[in-house]
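1. Sequence and computational prediction follow.
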Amino acid sequence: MRISCSVSFLLALSSVPAQLSVREVLIPRANAFPHDPAVGTDGAAWYTDQTNSFIGRMDPLTEQIVDYATPTPGSGPHGITVSADGFVWYTGQDVGRLGRVHPQTGVITEYVMPANANRPHTPIAHRGAIWFTAQTNATYGRFDPSTTQTQVWNAPAGSRPYGIAPSPDGSLWIALFGTNRLGRVDTTTGALTLFTLPNTGARPRRIVVSNDGLVYYTDFARGYLGRLDPATSQVREWQTPAGQPYGIWTGSDGRVWCHASASNLMVAFDPRTEQMQTVTIPTAGCVVRHMVWDAPRGRLWLALSGTRRIGKIELGAPLAGVGAACAGSLGLPRLTASGLPRVGDTFTLGVANTAAPLGVLFLGASATTWNALPLPLHLVILNAPGCFMHSAWDIAVFSGAPASVPIAVPLNLGLHGAALYWQWALAGDVGFPLATTDALRTTLIGI
């Protein structure tokens, strides 16, 4: 089922940027210098404390911090990432090591990098491997956790490979900070294809790729946010409100975020309107060298270098429960979801804890009214007292034995912010002619 074929009315449901703020948490360790952040599979915020040579973890709810000393003192941990299995990886830049942190125990294992990558910079977990840039070596590499083997490739001399980011097509992109070039890496062969930016003074530092394959980068030297379309090699640029944009990431609000490091401003760029909004960081003097988006929870995490702080911006979770289920023979049936409602992606909706032989997955554009009827609608009229429809019944997306249903979201940035409501109605369970799950609101992410 493709949403664009059946719910064109959703294009009218656009989002309005909320009043946003940066929440700061002070790191208790003296002289802490958070360089890069990462987000764990459980939503925890991890960071590298470059000065003290610690790896820290902050609970996102209690904001309590624990940290773990790197096995090699003075390793200068720089970049950090989390792999799909939950392990936390960092680059020990000053000692030529890649470290792996067990997320529950904090036990750290370190691996020595080859001589031509002995200053590993920014890591990224990608398709079972840990890729990294090595700025001062003019190299980039891939570490295989299953074999502990490392492959290293040369970038052009003096190119200073810096930020690295994945693309929807499976390739990786690297910002070549010493030049006015971006590079696309074939992750099968390691080959690097170069793209030259039109201004010879451009110096791309950090990089992120949106779901439509467009490459956004911060031009640190010139004070611009740039965008490359790899299909046409066309480059667009927008001057930032303050000079030297540094860290960059996308967010669940459908915008590209960056930090203007010569100021105390976070900058949010909307690619649909080409307008920028700024959000002030409360404590002056920080530099956001890197940031990361916790997509399922709608949080943007910032490493506030220079002020001993971790920052957080709540952008809004793209998935939220609505209402409650009513019982069947196994108890309360449950709507399940995996993946994200992001343009160009597929997420999956299913149902658990039911013995009903028949289910219908409904999609609606509202959780307040349906055909002039107020919601939730009590289904006592269908001999189901205590059961309610919390979602409009605009479309029956699926009908049959309850199953996992893939939902393909069209690659249409105009769908950003549209709210969709989903709910299962279940029939035929012994002793329970009708039961319903809770409903789910999905807010489409248009980037």
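-> Noted; the coordinates are in hand. Keep in mind that what you see is a predicted model, and the values were worked out from it rather than measured.

2. I'd say Ser233 and Phe195 touch.
-> Yes. Counting by CB atoms under 8 Å, Ser233 does reach Phe195; the two are 6.3 Å apart. C-betas here are computed from N, CA, C, even on glycine.

3. and those two? which has more neighbours close in?
-> Counted by other CB atoms under 10 Å, Ser233 and Phe195 do not tie: Phe195 has more neighbours, with 18 against 11.

4. Would you list the strands that the helix or strand hosting that one pairs with, along with their directions?
-> Using DSSP states H and E, Phe195 sits in strand 192-196. Strand pairing for strand 192-196, using DSSP bridges, gives strand 181-185 (antiparallel).

5. what's the offset of the strand it pairs with from the middle of its chain?
-> 21 Å (CA atoms, centre = their mean, to the nearest Å).

6. For it, list every residue counted as buried.
-> Arg181, Leu182, Gly183, Arg184, Val185 (16 or more other CB atoms under 10 Å).

7. Enumerate the beta-bridge partners assigned to the residue nearest to Pro120 when sequence neighbours are not counted.
-> Of all residues not flanking Pro120 in the chain, Thr91 sits nearest, at 3.9 Å (CB to CB, 6 or more residues apart in numbering). Counting by DSSP bridges, Thr91 is bridged to Leu98.

8. what's the span of stretch 124-133, first residue to last?
-> End-to-end distance of stretch 124-133 (CA to CA, to the nearest Å): 9 Å.

9. and that stretch, which residues are buried?
-> Buried residues in stretch 124-133 (16+ other CB under 10 Å): Ile124, Ala125, His126, Ala129, Ile130, Trp131, Phe132, Thr133.

10. Likewise for stretch 36-44?
-> Taking 16+ other CB under 10 Å as the criterion, stretch 36-44 shows Asp36, Pro37, Ala38, Val39, Gly40, Ala44 as buried.

11. show me the residues around the second one that make contact.
-> Residues touching Pro37, when contacts are defined by CB atoms under 8 Å, 6 or more residues apart in numbering, comprise Ala45, Trp46, Tyr47, Ile80, His290, Met291, Val292, Trp301, Leu302, Ala303, Ile310.

12. who touches the second one in this structure?
-> Going back to what we said before, that points to Trp46. Trp46 touches Pro37, Ala38, Val39, Gly40, Ile55, Gly56, Arg57, Met58, Ile80, Val82, Val88, Val101, counting by CB under 8 Å, 6+ apart.

13. Please name the residues that touch Thr278.
-> Pro241, Leu265, Met266, Val267, Ala268.

14. host element of the third one?
-> The reference is to Met266. With DSSP H and E as the criterion, Met266 is inside strand 265-270.

15. Would you mark the buried spots in that strand?
-> Leu265, Met266, Val267, Ala268, Phe269, Asp270.

16. between those residues, which is closest to Gly190?
-> Distance to Gly190, by CB to CB, is smallest for Phe269 among the buried residues of strand 265-270, at 31.7 Å.

17. wait, isn't the closest one in contact with Ala260?
-> No. Look at Phe269 against Ala260 with CB under 8 Å: they stay out of range, at 11.5 Å.

18. circling back: got the contacts of Thr278 as a markdown table, with pLDDT and distance to Val279 columns?
-> Converted to a markdown table, the contacts of Thr278 look like this (pLDDT from 0 to 100; distance: CB to CB, whole Å):
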| residue | pLDDT | distance to Val279 |
| --- | --- | --- |
| Pro241 | 93 | 11 |
| Leu265 | 96 | 7 |
| Met266 | 97 | 4 |
| Val267 | 97 | 8 |
| Ala268 | 97 | 7 |
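
19. Just checking, which helix or strand of the chain averages the lowest pLDDT?
-> helix 3-6 (a mean of 41; mean pLDDT, DSSP states H and E).

20. Next secondary structure after that helix?
-> strand 23-26.

21. could I get that following strand in CSV with only the CA atoms?
-> Coordinates of each C-alpha in strand 23-26 appear next as CSV, following Å, rounded to 0.1, in the frame of the first residue of the first chain:
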residue,chain,number,x,y,z
ARG,A,23,18.3,21.7,27.6
GLU,A,24,21.7,21.4,29.0
VAL,A,25,23.1,18.9,31.5
LEU,A,26,26.4,19.6,33.3
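
22. Let the chain start at 33 from now.
-> Understood, numbering begins at 33; the last thing we discussed is strand 55-58.

23. For it, which strands pair with it and how are they oriented?
-> For strand 55-58, pairing defined by DSSP bridges yields strand 341-346 (antiparallel).

24. Can you report how many residues neighbour Pro303?
-> Counted with other CB under 10 Å, Pro303 comes out at 21.

25. now swap in Thr225 and tell me
-> Neighbour number of Thr225 under other CB under 10 Å is 12.

26. I'd guessed it sits against Arg213; true?
-> No. Using CB under 8 Å, Thr225 makes no contact with Arg213, being 10.2 Å away.

27. Export the helix or strand following the strand holding Met298 to CSV, keeping only CA atoms.
-> Using DSSP H and E, the next helix or strand after strand 297-302 towards the C-terminus is strand 307-312. Coordinates of each C-alpha in strand 307-312 appear next as CSV, following Å, rounded to 0.1, in the frame of the first residue of the first chain:
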residue,chain,number,x,y,z
GLN,A,307,14.1,29.5,5.7
MET,A,308,16.3,29.3,8.8
GLN,A,309,15.2,29.4,12.4
THR,A,310,17.7,29.9,15.3
VAL,A,311,17.6,28.5,18.8
THR,A,312,19.9,29.9,21.5
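
28. buried set for strand 307-312?
-> Met308, Gln309, Val311.

29. likewise stretch 118-126?
-> In stretch 118-126, counting by 16+ other CB under 10 Å, buried: Phe119, Val120, Trp121, Tyr122, Thr123, Gly124, Gln125, Asp126.

30. Show me which of these is closest to Ser107.
-> For these, the nearest to Ser107 is Gly124 (3.5 Å; CB to CB).

31. Now do that closest one against Val133, distance only.
-> 12 Å (CB to CB, to the nearest Å).

32. for stretch 357-373, which positions count as buried?
-> Ala357, Cys358, Gly360, Leu364, Pro365, Leu367, Ala369, Gly371, Leu372, Pro373.

33. Could you find the closest non-adjacent residue to the third one?
-> Computed as CB to CB, 6+ apart, the closest residue to Gly360 that is not its neighbour in sequence is Ala467, at 4.0 Å.

34. what is the one you found paired to in the beta sheet?
-> Leu458.

35. wait, it sits on Gln455?
-> No. Using CB under 8 Å, Ala467 is not in contact with Gln455; the gap is 11.3 Å.

36. can you pull out the strands in the stretch 183-332 of the chain?
-> The residue ranges that make up the strands of the stretch 183-332 of the chain, judged by DSSP state E, counting those that start in this stretch, are 193-198, 204-208, 213-217, 224-228, 236-241, 247-251, 256-261, 266-271, 277-282, 288-292, 297-302, 307-312, 319-326, 331-337.
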